[in-house]
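> Curious how this folds, go ahead:
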Amino acid sequence: MLQSLGIAVLTLLILGGAPLFAEGAKETAQPKGAAEKWEDVQKAAQKEGKVVVYSVTSRITLAAEKFQAKTRIKVESHRLTEVELIERLNREAASGITAVDLVLIEDYPSMMETLVRPGYLVNFVPPSARDTVPAAQQNPLVFA
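Numbering: from 1, shown residues only. Sure thing, here's the model as predicted:
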């Protein structure tokens, strides 16, 4: 799925934690400062069919429902513990599986060491959040 699906992050901002995007074989991280048109992002996401989210919070269910109602883009959310999430992403990455689009995790040290540094996840800050989220909280994108 598109890593530039900024609306997903905006809708999911109510969740807290650190959202990161899984890096897929056909996907690339958006260049810093690249402009986005929501209409183009939404059309591409609708064409792909769904957004897959792994989250450590149960609040993902409500956020996913609201996102689906607003965008008509299906969200497949998976509520996992920190350990389950990290293990699942490591197994998927080792197998070449790129099934997840958005990851919401709270364990910063584990996330950085086991998921970001090896390149399994890439950070993404939607353009609409770049001016409102302090720079110190953008890599990785962190909010409360």
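> tally of neighbours for R130?
14 (other C-beta atoms under 10 Å). Every residue, glycine included, has its C-beta placed from N, CA and C.
> roughly how far apart are it and V122?
Taking C-beta to C-beta, to the nearest Å as the measure, R130 falls 16 Å from V122.
> so where's the protein shaky on pLDDT?
By pLDDT under 70, the weakly predicted segments of the chain are 1-36, 143-144.
> Strands of that one, start to end?
Applying DSSP state E to the chain gives strands spanning 18-22, 50-55, 74-79, 102-105, 121-122.
> TSV for these, including mean neighbour count and distance to D40?
Formatted as TSV, those follow (neighbours: other C-beta atoms under 10 Å; distance: least, C-beta to C-beta, whole Å):
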stretch	mean neighbour count	distance to D40
strand 18-22	24	17
strand 50-55	22	16
strand 74-79	17	19
strand 102-105	24	18
strand 121-122	22	20
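> so which of those strands comes closest to P140?
Ranking the strands of the chain by distance to P140, with C-beta to C-beta as the measure, places strand 18-22 first at 4.5 Å.
> what residue is smack in the middle of the protein?
Note on the chain: the residue nearest the mean C-alpha position is L102, at 2.3 Å, using C-alpha atoms, centre = their mean.
> Who are the contact partners of the nearest residue to that one once chain neighbours are set aside?
Once flanking residues are discounted, L102 sits nearest to V53: 4.6 Å by C-beta to C-beta, 6 or more residues apart in numbering. Applying C-beta atoms under 8 Å, 6 or more residues apart in numbering to V53 gives the contacts 8, 12, 60, 64, 75-78, 100-104.
> quick revisit: can I get the strands of the chain in TSV with distance to K37?
Formatted as TSV, the strands of the chain follow (distance: least, C-beta to C-beta, whole Å):
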stretch	distance to K37
strand 18-22	19
strand 50-55	18
strand 74-79	21
strand 102-105	20
strand 121-122	21
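> any idea of the angle the longest helix anywhere in the chain forms with strand 74-79?
Longest helix of the chain, by residue count under DSSP state H: helix 82-95. Relative orientation of helix 82-95 and strand 74-79, computed by axes from the mean of the first three to the mean of the last three C-alpha atoms, to 10 degrees: 120 degrees.
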